[in-house]
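Asker: Okay, structure incoming, though there's no sequence with it:
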């Protein structure tokens, strides 16, 4: 009590002193001391007078004959779990487990056919309940202190390690608005940081890779008030009228009522006479900051690049959007494009230079008579990604002129006449002669079947026909 009184006395003079934090710390240390004493008594074989079974003259009598008010529901709920398991109050956890295994094996409905009555089932449930209470250190401590464990919600917290208990205590303070350090309360609003940004790239930038800057919003302390209560420097403070300078106010939740930071002064107990004009009394400002993003080569639309945020708390998901190109089309890691050549180059052949997506000029040799829609593959000149390197596939397109000069028209007319000139006429005559000779040979074979000739005459006739066929005069 003296310690608590001193805390409240100090709180009158120090504005950043939190008596409730000190109060909870004292309570936590006291609870941890009681738990340690209980564990020491349970895990040792020393007999303590306070834990011995009291000698009661009515202990051996049936419950109906004992001097107990039977209509009291609280007394009716009390059970002697130590007697149910047949162990002493100073029994260790090992003794409790051993007794439970013996009784559970004996009264389990599936282990023996002798105990299939409702009494045996009820006995087995009591054994399981006793083991569940006595095997749990927190529930056993509550049972030893109060004689009953009403519900799990009202039982004491589990006695685990020091760190787990402290984390549970910190979570409790976080729910009502206290921070874990010895400073002020947390700000009443969360710091909103954008989690996603978008970068638009050209087709060649996505293939080759580039660097882009994005603008993100971040929080920083106000330079006018230095982030202290949103008040300009060298300005006076007045006591908060909402909490009367206590810094806390009652907050009602679904389960119980707790004390949290004041919504007006944010737990600082004092409010400024005039709010800062730069940050409007918030103490922080929202500023834009440029972040450089290294875009790797080979990205495509829909890809996401994660970059660290300037405040080092989380990452920014940068979504890539690639614009379409008029010259190139991407299919996987391959690049498709058209190669336009004039009619004369398609007929005569030659070499042509093609600029790839990497910016280099590739020289291609065209064979004479190259037709339209011919595919030419440049190996290793496509998109380079972690999965591999693609190819650059060219589709030849012959450009047909629509407007001709007088000289070009004369040349094309002469070329057309040459296509129907004498060489083709002689070839057609030669084909007709061969057809006639084959017909004569067929007729001659039919005549030979009717009047057979000698082998010499057949061979001579065949040679004469072959000579006439392949060497015409």
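Answerer: Happy to help now that I have it. Worth saying up front: this structure is predicted, and the values here are computed from it rather than measured.
Asker: Against residue 392, how distant is the closest residue to residue 246 other than its chain neighbours?
Answerer: In this structure, residue 246 finds its nearest non-sequential neighbour in residue 269, 6.7 Å apart by Cβ to Cβ, 6 or more residues apart in numbering. C-beta coordinates here come from the backbone N, C-alpha and C atoms, glycine included. Counting by Cβ to Cβ, to the nearest Å, the separation of residue 269 from residue 392 is 72 Å.
Asker: pLDDT score for the residue nearest to residue 246?
Answerer: Looking at residue 269, its pLDDT is 75.
Asker: Which parts of the stretch 101-250 of the chain are strands?
Answerer: Here the stretch 101-250 of the chain has its strands, by DSSP state E, counting those that start in this stretch, at 196-201, 210-221, 237-239, 248-252.
Asker: Please name whichever of those strands is nearest to residue 317.
Answerer: Comparing these against residue 317 with Cβ to Cβ, the closest turns out to be strand 196-201 (4.7 Å).
Asker: hang on, the earlier thing: can you redo the strands of the stretch 101-250 of the chain as TSV with mean neighbour count?
Answerer: TSV is the format used below for these (neighbours: other Cβ atoms under 10 Å):
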stretch	mean neighbour count
strand 196-201	14
strand 210-221	14
strand 237-239	14
strand 248-252	14
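Asker: Format these as TSV; extra columns: mean pLDDT and distance to residue 348.
Answerer: Output for those, formatted as TSV (pLDDT from 0 to 100; distance: least, Cβ to Cβ, whole Å):
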stretch	mean pLDDT	distance to residue 348
strand 196-201	90	41
strand 210-221	86	41
strand 237-239	75	93
strand 248-252	75	91
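Asker: Any chance of these in TSV with distance to residue 407 as columns?
Answerer: Below are these laid out as TSV (distance: least, Cβ to Cβ, whole Å):
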stretch	distance to residue 407
strand 196-201	48
strand 210-221	49
strand 237-239	97
strand 248-252	97
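Asker: Now for the residue nearest to residue 246: which residues touch it?
Answerer: 15, 239-240, 243, 245-247, 262 (Cβ atoms under 8 Å, 6 or more residues apart in numbering).
Asker: Tell me the spacing between it and residue 410.
Answerer: To residue 410, residue 269 is 103 Å away according to Cβ to Cβ.
Asker: Same check on residue 273?
Answerer: Following Cβ to Cβ, the distance that separates residue 273 from residue 410 is 99 Å.
Asker: just so I have it, where are all the helices in the stretch 351-473 of the chain?
Answerer: 406-419, 422-450, 455-470 (DSSP state H, counting those that start in this stretch).
Asker: weakest of those helices in terms of mean pLDDT?
Answerer: The lowest average pLDDT among these, as it happens, falls on helix 455-470, at a mean of 49.
Asker: For this protein, give me the ranges with low pLDDT.
Answerer: Within the chain, the stretches falling below the threshold (pLDDT under 70) are 1-78, 110-117, 145-146, 149-194, 227-236, 252-257, 281, 312, 419-473.
Asker: Show me the strands in the stretch 251-400 of the chain, by range?
Answerer: For the stretch 251-400 of the chain, strands defined by DSSP E, counting those that start in this stretch occupy the ranges 257-261, 270-272, 284-295, 304-308, 315-322, 329-331, 334-342, 350-355, 361-366, 375-378, 384-385, 388-389, 392-399.
Asker: Nearest to residue 107, out of those?
Answerer: Here strand 257-261 is closest among the strands of the stretch 251-400 of the chain (Cβ to Cβ), at 44.9 Å.
Asker: tell me which residues of that closest one are tucked away?
Answerer: Of the residues in strand 257-261, those with enough neighbours to count as buried (16 or more other Cβ atoms under 10 Å) are 258, 260-261.
Asker: Number of residues surrounding the nearest residue to residue 330 once chain neighbours are set aside?
Answerer: By the measure of Cβ to Cβ, 6+ apart, the closest residue to residue 330 outside its immediate chain neighbours is residue 383, 6.5 Å from it. By the criterion of other Cβ atoms under 10 Å, residue 383 has 26 neighbours.
Asker: so what's residue 383 up against?
Answerer: With contacts taken as Cβ under 8 Å, 6+ apart, residue 383 has the following neighbours: 207, 297-298, 330, 332-335, 357, 389-390.
Asker: what does residue 357 give?
Answerer: Taking Cβ under 8 Å, 6+ apart as the definition, contacts of residue 357 comprise 204, 207-208, 328, 335, 381-383, 392.
Asker: nearest to residue 104, of those?
Answerer: Nearest to residue 104 among these, counting by Cβ to Cβ, is residue 383 at 68.5 Å.
Asker: From residue 270, how far off is residue 326?
Answerer: In terms of Cβ to Cβ, residue 326 sits 66 Å off from residue 270.
Asker: more crowded one of those two?
Answerer: Neighbours per residue, other Cβ under 10 Å: of residue 326 and residue 270, the larger number sits with residue 270, 16 against 6.
Asker: isn't that one right next to residue 245, touching?
Answerer: Yes - counting by Cβ atoms under 8 Å, residue 245 is a contact partner of residue 270 at 7.3 Å.
Asker: Overlap in contacts, the two.
Answerer: Contact criterion Cβ under 8 Å, 6+ apart; residues bridging residue 270 and residue 245 by contacting each: residue 239.
Asker: got a list of what residue 317 touches?
Answerer: The neighbourhood of residue 317, defined by Cβ under 8 Å, 6+ apart, consists of 195-197, 304-306.
Asker: Could you do residue 81 as well?
Answerer: Contacts were defined as Cβ under 8 Å, 6+ apart; by that measure residue 81 touches 129-130, 133-134, 143.
Asker: and if we set it to 6 Å?
Answerer: Taking Cβ atoms under 6 Å, 6 or more residues apart in numbering as the criterion, residue 81 is in contact with 130, 133-134.
Asker: Distance of residue 238 relative to residue 270?
Answerer: Applying Cβ to Cβ, one obtains 6 Å for the distance of residue 238 from residue 270.
Asker: Residue 203 now?
Answerer: Computed with Cβ to Cβ, the distance linking residue 203 and residue 270 is 60 Å.
Asker: wait, isn't residue 337 in contact with residue 329?
Answerer: No - taking contact to mean Cβ atoms under 6 Å, the distance of 7.1 Å between residue 337 and residue 329 leaves them out of contact.
Asker: So for these two, which sits in the more crowded spot?
Answerer: More neighbours sit around residue 337 than around the other of residue 337 and residue 329, counting by other Cβ under 10 Å; the figures are 17 against 14.
Asker: can you pull the contacts of that one?
Answerer: Shown in contact with residue 337 (Cβ under 6 Å, 6+ apart): 327-328.
Asker: hmm, 8 Å instead?
Answerer: Residues in contact with residue 337 (Cβ under 8 Å, 6+ apart) are 327-329, 354, 392-395.
Asker: Check residue 342 too.
Answerer: Contacts of residue 342 (Cβ under 8 Å, 6+ apart): 398-399, 401.
Asker: 10 Å instead?
Answerer: Neighbouring residues of residue 342 by Cβ atoms under 10 Å, 6 or more residues apart in numbering: 348, 350, 352, 398-401.
Asker: One more: residue 216?
Answerer: By Cβ under 10 Å, 6+ apart, the contact set of residue 216 is 193-195, 197, 287-291, 307, 309-311, 316.
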